[in-house]
Every structure is written in structure tokens, then in C-alpha cells.
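Asks: A predicted structure for the sequence below; I have some questions about it.
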Amino acid sequence: MPDLPAVVVPYETIKTACVDAMDTQGYTSERAGYLDKVPVIDDRTASMDFFREPIEGSIVFSTADTYPKTVTVLDTSTLSDVVSKLHYVEGYLDLSALGSNEKVVAEYKMTIVSGGSPLTYASEEFTGVLYPPLLYVHTRSGKYGVRIDLTMPSAPASDRTIYYQLFIRRSDKP
């Protein structure tokens, strides 16, 4: 199992929370001034193996769309700060919106030649109400592009929204 990233909270957020707590407990702003003397590790994300902030969003499969419908959740070959560096994608897809007998297919693709087309290396099918509904995604490492597509073969009973949170991680860090 991969290491989980640390949660990064900006120093000002921590300071504000501490000052608020001190105010409710009767502490003075003079005592709160001591918080400025607390050592802080600046930019902890610089030491982590992420290329950028999490990529978050949603995909809508509407009853009015034409089916089968395929949507690209993420394609790293279009990201100039990532392409041609060894990387992989991990994160989550929220499939809790799927109804009974509704199907979605997740395809994982890789571009293995600079300027080439992505090729499917794995596919997973999910049908109906899932438990647990949160799908953990961890792709293989690639250099020229990693892509995740979702396909719904037929129209859902009502509009379905699938939320995602993905992290692009470096594969070349020790």
C-alpha cells in the first residue's frame, strides 16, 4: 500500500485557530503573540512527490446525452509540467451516484511514445449500487501520458454525477 500524503495546513490557518481557542479560554492577544515564535516547516509539499495540487472535479452523465458516452477524467499528456517525466496517477472516483443496473467502465490508458496515442492497458466494470462506493485509482507509471476514461454504455435513469480527486505523483523519487 502506498504511503498516504500528509495533510498540509497553512501556518496562518493554524495560528488563527489557536488565537480563536485562546480567546474563548480567556487568553490575551499578548499570549497569542508567542505563536509567532513557534518554528514552522515552510512549504512541506516541496518535499512530497506531487507535481501539483490535487485535480478535483465532476463528470455528469445526463439522460439527454448520446450513449454510449465516454469522458476523459484526466489525461496527463496535455500537462506540460508532467509530460516526459516519469509519473503515475492515484486518487478517488465517487461512484455512489450509480443506480441499480447502471454500468460504468473505467479504462486506464498509457502513451508510450512521444506524440503517440494512448493505448488501453486495463479496464474495470462497475454495475449497480456499490459498497463501498469510493473507487481507489492507482495507475501504472508512464512518461508520455497516463489517461483515465469513464464510459457509461447506456443512459442512466436520471442524471448521474461522478466526483473525483486525483493526484499526479512522481515515479522517480526514491
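Replies: Ah, there it is.
Asks: under a three-state scheme, what state does the closest residue to residue 102 other than its chain neighbours occupy?
Replies: Spatially, and ignoring its direct neighbours in sequence, residue 102 is nearest to residue 156 (5.2 Å; C-beta to C-beta, 6 or more residues apart in numbering). Placement of C-beta: from N, CA and C, glycine included. Look at residue 156: counting by DSSP: H, G, I helix; E, B strand; the rest coil, its state is coil.
Asks: show me the contacts for residue 156.
Replies: With contacts defined as C-beta atoms under 8 Å, 6 or more residues apart in numbering, residue 156 is in contact with 61, 63, 98-99, 102.
Asks: stretch 97-116: which residues count as buried?
Replies: Using 16 or more other C-beta atoms under 10 Å as the test for burial, stretch 97-116 gives 97-98, 102, 104-111.
Asks: same check on stretch 137-156?
Replies: For stretch 137-156, by 16+ other C-beta under 10 Å, it's 137, 139, 142-152, 155-156.
Asks: measure it end to end?
Replies: One end of stretch 137-156 to the other measures 23 Å (C-alpha to C-alpha, to the nearest Å).
Asks: hang on, the earlier thing: could you work out the most separated pair of the buried residues of stretch 137-156?
Replies: 143 and 155 (37.3 Å; C-beta to C-beta).
Asks: what separation is there between the spatially closest residue to residue 69 that is not a sequence neighbour and residue 115?
Replies: Excluding the flanking residues, the one nearest residue 69 by C-beta to C-beta, 6+ apart is residue 152, at 5.4 Å. Residue 152 sits 30 Å away from residue 115, taking C-beta to C-beta, to the nearest Å as the criterion.
Asks: now for the longest strand seen in the chain, which elements pack on it?
Replies: Longest strand of the chain, by residue count under DSSP state E: strand 160-170. Applying 3 or more C-beta pairs under 8 Å, 6 or more residues apart in numbering; DSSP states H and E, we find strand 160-170 packed against strand 55-61, strand 69-75, strand 87-94, strand 146-152.
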